[in-house]
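Trainee: Here is a sequence together with a model predicted from it:
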Amino acid sequence: METLESILAEHSFLKGLEHRYLKLLTQCASLVNFSPGQVIFTEGEKARQFFLVRHGKVALEIHRARRGPITIKTIGKGDVLGWTWLVQPHHWHVDARAVELSRAVSLDVPCVLHLCETDHDFGYEIMKRFSHALVQKLKSLNLQLVDFYDD
Amino acid sequence: MMTDLKVQFNQSTSLSDPMLSYPYQIQRVRRESRDTFTLTLQPASGPNRFIFLPGQFNMLYLFGVGEVPISISGNPADTQNVVHTVRAVGAVTKAIQKLKKGDVLGLRGPFGSAWPVAECRGNDMVIVVGGLGLAPIRPAICDILAHRPEYGNFELIYGARSAKDLLYKKELEQWRSRFDFHVNVTVDSAEPDWQGDVGLVTAIIPRACFDLFHTVAFVCGPGVMIRFVVMELLQRGLKMENIFVSLERNMKCGIGLCGHCQFGPFFICKDGPVFSFDRIQKWFNLREI
């Protein structure tokens, strides 16, 4: 039977995470759905959850005065949505909107931060995974700066 | 295990005089984007069949202006029309952009090596292209789709700066509507009405569906894109000899005489433009080349 723990274990961000840590994380997790067009969070808001996307597509947008939003990245199955909750002041720095019906695991930020503080081994494991995800994001951003598709 | 794959050379390339241009008349001009257009040509005189292999290129000569190497973008099964997609970036291509239906261009070719499309039958196919790179690979896609049952899973990963820069939009829609062809299109940034992916082609490769031991990848686009796409494919476990890339250099003569397109021990016009990556990887990352 599919349980929240098994859903967490299957997500590529948590692949290989020890069973005891998965069990801990389950305390902070819940399943969420986003309908097409639904705003998940907006720039400047307090980051109260982050999300492990299981299905669908979410656009990260930056709003431009008088010109509307521009999508700077889309993320989908297997991706993590939101990382600025990690650092002070724990605010979102972009908008997130579901492009299509999307499903995710929502993780409660105060709960995860509390677990990280009380079990540093767990916290280190989570930080390593976020560091890896952030390095991938940075690599991708570097390539976008070189105008990848133009000779 | 798959047999050794090699790029193909068209025997018809050995023209009686490869430096002689034939007049071709423009039948149709289609605007693809702000600076890119597609020409459909037919011979104004001389032989009326044009046979080429996917991946080859022609030298287009605008009388009194100059000559440029342009990849062939048409369907290889269509021997009546010669199709070229051109980006207006230099003196010659900007002058070609001003031509209209009925105008005449000089054409010599086809030249160079080809994607080993027929040899890949039985394998999954992954095609990764960026920017104008869809043009030289379109004949290979047409050929694979014409023999679709003979291939396994077929993925196209296509990246462009923006939705406005996408080539062959109608054809992309047709390809996307097929059940046997997985088309991933991604752009660098987009307006909210864009329903596709935003990000680089390299971000899509990890989720592409293919069998590591029976897959061939074709990669076409700017050098920097090829470099990082190949890295990603190698990281997925694909072997170098099963990755084919198309390179571009300053081709002038088309037959390996003038040396303008030298790349290490190769001439891109004669030994390429399509290479298996294991043949060129030694020189690929050398900054001096």
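Mentor: Cool, got the structure.

Trainee: quick one, longest helix in chain A?
Mentor: Longest helix in chain A, counting residues (DSSP state H): helix A:120-145.

Trainee: can you tell if it touches chain B?
Mentor: Yes. For helix A:120-145, a contact with chain B is found by Cβ under 8 Å from any Cβ of the partner chain, at A:140, A:143-144. Glycine gets a C-beta too; all of them are placed from N, C-alpha and C.

Trainee: again with stretch A:30-39
Mentor: No. Stretch A:30-39 does not reach chain B (Cβ under 8 Å from any Cβ); its nearest approach is 9.2 Å.

Trainee: still on that earlier bit, now the longest helix of chain A, how far from the chain's geometric center?
Mentor: In terms of Cα atoms, centre = their mean, to the nearest Å, the centre of helix A:120-145 is found 11 Å from the chain centre.

Trainee: how about a markdown table for the residues of helix A:120-145 next to chain B, with distance to B:F277 and pLDDT added?
Mentor: Formatted as a markdown table, those follow (distance: Cβ to Cβ, whole Å; pLDDT from 0 to 100):
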| residue | distance to B:F277 | pLDDT |
| --- | --- | --- |
| A:S140 | 22 | 86 |
| A:L143 | 19 | 86 |
| A:Q144 | 24 | 83 |
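
Trainee: In CSV, list the residues you listed along with neighbour count.
Mentor: As requested, these are exported to CSV (neighbours: other Cβ atoms under 10 Å in any protein chain shown):
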residue, neighbour count
A:S140, 17
A:L143, 20
A:Q144, 17
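
Trainee: from the residues you listed, which is closest to B:I70?
Mentor: B:I70 has its nearest neighbour among the residues of helix A:120-145 next to chain B in A:L143, at 27.0 Å by Cβ to Cβ.

Trainee: how about the nearest residue to that closest one, chain neighbours excluded?
Mentor: Nearest-residue entry for A:L143: B:L200, 5.6 Å, with adjacent residues in sequence omitted and distances by Cβ to Cβ, 6 or more residues apart in numbering or on different chains.

Trainee: any chance you could read off phi and psi for that neighbour?
Mentor: phi -90, psi 160 (degrees, to the nearest 10).

Trainee: Quick check: it vs A:K73, distance?
Mentor: Plainly put, B:L200 is 9 Å away from A:K73 if you go by Cβ to Cβ, to the nearest Å.

Trainee: higher neighbour count, those two?
Mentor: Counted by other Cβ atoms under 10 Å in any protein chain shown, B:L200 and A:K73 do not tie: B:L200 has more neighbours, with 26 against 23.

Trainee: Flag every residue of the stretch 101-250 of chain B that's near chain A.
Mentor: Neighbours of chain A within the stretch 101-250 of chain B, by Cβ under 8 Å from any Cβ: B:130-133, B:159-161, B:165, B:186, B:188-192, B:194-203, B:207, B:221-225, B:228, B:248.

Trainee: Among those residues, which lie within strands?
Mentor: Counting by DSSP state E, these place B:130, B:159-160, B:186, B:197-198 in strands.

Trainee: With distance to A:L86, neighbour count and pLDDT added, can I get these in CSV?
Mentor: Formatted as CSV, these follow (distance: Cβ to Cβ, whole Å; neighbours: other Cβ atoms under 10 Å in any protein chain shown; pLDDT from 0 to 100):
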residue, distance to A:L86, neighbour count, pLDDT
B:G130, 32, 28, 94
B:G159, 29, 29, 95
B:A160, 33, 25, 94
B:T186, 27, 21, 95
B:D197, 25, 24, 93
B:V198, 23, 24, 93
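
Trainee: Which positions in stretch B:26-40 come out as buried?
Mentor: The neighbour-count check on stretch B:26-40 (16 or more other Cβ atoms under 10 Å in any protein chain shown) flags B:26, B:29, B:32-33, B:36-40 as buried.

Trainee: Separate out the buried members of the residues of the stretch 101-250 of chain B next to chain A.
Mentor: Using 16+ other Cβ under 10 Å as the burial test, these include B:130-133, B:159-161, B:165, B:186, B:188-190, B:194, B:196-203, B:221-222, B:224-225, B:228, B:248 as buried.

Trainee: quick one on the thing from earlier: quickly name whichever of the ones in strands among the residues of the stretch 101-250 of chain B next to chain A is closest to A:G16.
Mentor: Out of these, the member with the shortest distance to A:G16 (by Cβ to Cβ) is B:D197, at 26.6 Å.

Trainee: Run through chain B and note the low-pLDDT ranges.
Mentor: Where chain B drops to pLDDT under 70, the residues are B:1-15, B:46-47, B:289.

Trainee: need the contact list for the residue in it positioned nearest to chain A.
Mentor: As assessed by Cβ to the nearest Cβ, chain A sits closest to B:G131 within chain B, at 3.4 Å. Contacts for B:G131 (Cβ atoms under 8 Å, 6 or more residues apart in numbering or on different chains) come out as A:149-151, B:159-161, B:165, B:221-222, B:225.

Trainee: which among the residues you listed gets closest to A:L101?
Mentor: B:G159 (24.8 Å).

Trainee: Confirm for me that A:G56 is in contact with A:A98.
Mentor: Yes. Applying Cβ atoms under 8 Å as the test, A:G56 and A:A98 come out as touching, 6.4 Å apart.

Trainee: Spell out which residues are contacts of both of those two.
Mentor: Joint contacts of A:G56 and A:A98 (Cβ under 8 Å, 6+ apart) are A:F34.

Trainee: Tell me where chain A has strands.
Mentor: Secondary structure of chain A by DSSP E: the strands cover A:29-34, A:39-41, A:49-55, A:57-64, A:68-76, A:80-81, A:95-98, A:102-108.

Trainee: Save these as TSV, and put in mean pLDDT and distance to B:L53 too.
Mentor: Shown next, in TSV, are the strands of chain A (pLDDT from 0 to 100; distance: least, Cβ to Cβ, whole Å):
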stretch	mean pLDDT	distance to B:L53
strand A:29-34	96	47
strand A:39-41	96	49
strand A:49-55	96	41
strand A:57-64	92	37
strand A:68-76	91	36
strand A:80-81	95	44
strand A:95-98	96	45
strand A:102-108	97	43
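
Trainee: what sits against the spatially closest residue to B:V126 that is not a sequence neighbour?
Mentor: Closest residue to B:V126 apart from its sequence neighbours, by Cβ to Cβ, 6+ apart: B:A217 at 4.4 Å. Residues near B:A217 by Cβ under 8 Å, 6+ apart: B:125-128, B:233, B:238, B:242-244.

Trainee: so how far is B:P192 from the residue of chain B closest to chain A?
Mentor: Shown here: B:G131 relative to B:P192, a distance of 23 Å by Cβ to Cβ.

Trainee: pLDDT wise, what is the closest residue to A:D108 other than its chain neighbours at?
Mentor: Leaving aside its sequence neighbours, A:D108 sits nearest to A:C28 (Cβ to Cβ, 6+ apart; 4.5 Å). On the pLDDT scale, A:C28 is placed at 96.
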